[in-house]
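A.B. asks: structure here, sequence nowhere to be found:
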């Protein structure tokens with residue numbers, strides 16, 4: 001779920017994101033209307049059939065890049081950020097046992113106007129600014145290190161190209177000591193993003209959290 005790192009980026013991108021959404025109204029998390037309910041039903045059946053476990057997502061090219069967040073979700077991205085066909089969400093999220101929880105659908109934010117797709121209310125979409133994500137491995141312990149990112153400005157200042165990010169730039173930035181410590185690095189571009197719970201959610205498919213999902217990790221207060 002892309003919202004997990006939104007809070008950590010919020011202070012850096014708040015002004016830009018707010019300006020882009022200024023005339024679009026607040027992001028809506030309430031109960032779905034008839035068209036939205038039909039969309040949710042269709043993707044629940046499809047995604048639960050094709051990607052029921054995290055292993056299925058990895059076989060399809062999705063890469064884990066986060067820890068468990070405060071909703072109980074761990075995110076996997078396919079690094080393809082235009083999911084307008086609705087068959088290939090840009091992200092899938094799973095619980096700590098590897099069971100499918102939900103999906104993110106995204107559209108490149110080439111316009112300040114929120115997307116109008118699948119009968120989904122435009123207010124369901126949230127904008128996120130571009131940054132570079134990476135997954136590293138601790139060379140001493142072998143532990144995988146998730147939830148790592150660099151703003152595009154910092155990446156460029158170090159001589160890197162966010163459109164084609166390389167591990168060498170992360171070494172230059174002091175994030176790792178060797179390129180071999182980087183497991184994956186990719187650009188998370190400017191997007192409009194829609195989160196949808198695939199697991200039934202009493203709070204609604206577009207809610208931030210699901211009371212049926214148990215969170216196992218401790219999270220710092222924000």
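C.D. replies: Perfect, thanks for sending it. The shown structure was predicted, so the numbers you read here are calculated from the model rather than taken from an experiment.
A.B. asks: tell me the contacts of the closest residue to residue 173 other than its chain neighbours?
C.D. replies: Nearest in space to residue 173, with sequence neighbours left out and distances taken as CB to CB, 6 or more residues apart in numbering, is residue 158 at 5.0 Å. For glycine as for every other residue, the C-beta is placed from the backbone atoms N, C-alpha and C. Counting by CB atoms under 8 Å, 6 or more residues apart in numbering, residue 158 touches 169, 172, 173.
A.B. asks: so which of these wins on neighbours?
C.D. replies: residue 169 (24 neighbours; other CB atoms under 10 Å).
A.B. asks: wait, that one sits on residue 155?
C.D. replies: Yes. Counting by CB atoms under 8 Å, residue 169 touches residue 155, with 6.1 Å between them.
A.B. asks: low-confidence stretches in this protein?
C.D. replies: 2-27, 220-222 (pLDDT under 70).
A.B. asks: again, only using 90
C.D. replies: The chain contains residues with pLDDT under 90 at 1-31, 85, 111-112, 217-222.
A.B. asks: domain assignment for it?
C.D. replies: 2-123+193-197, 131-186 (automatic domain parsing).
A.B. asks: for residue 209, find the nearest of those.
C.D. replies: domain 2-123+193-197 (4.9 Å; CB to CB).
A.B. asks: lovely, talk soon.
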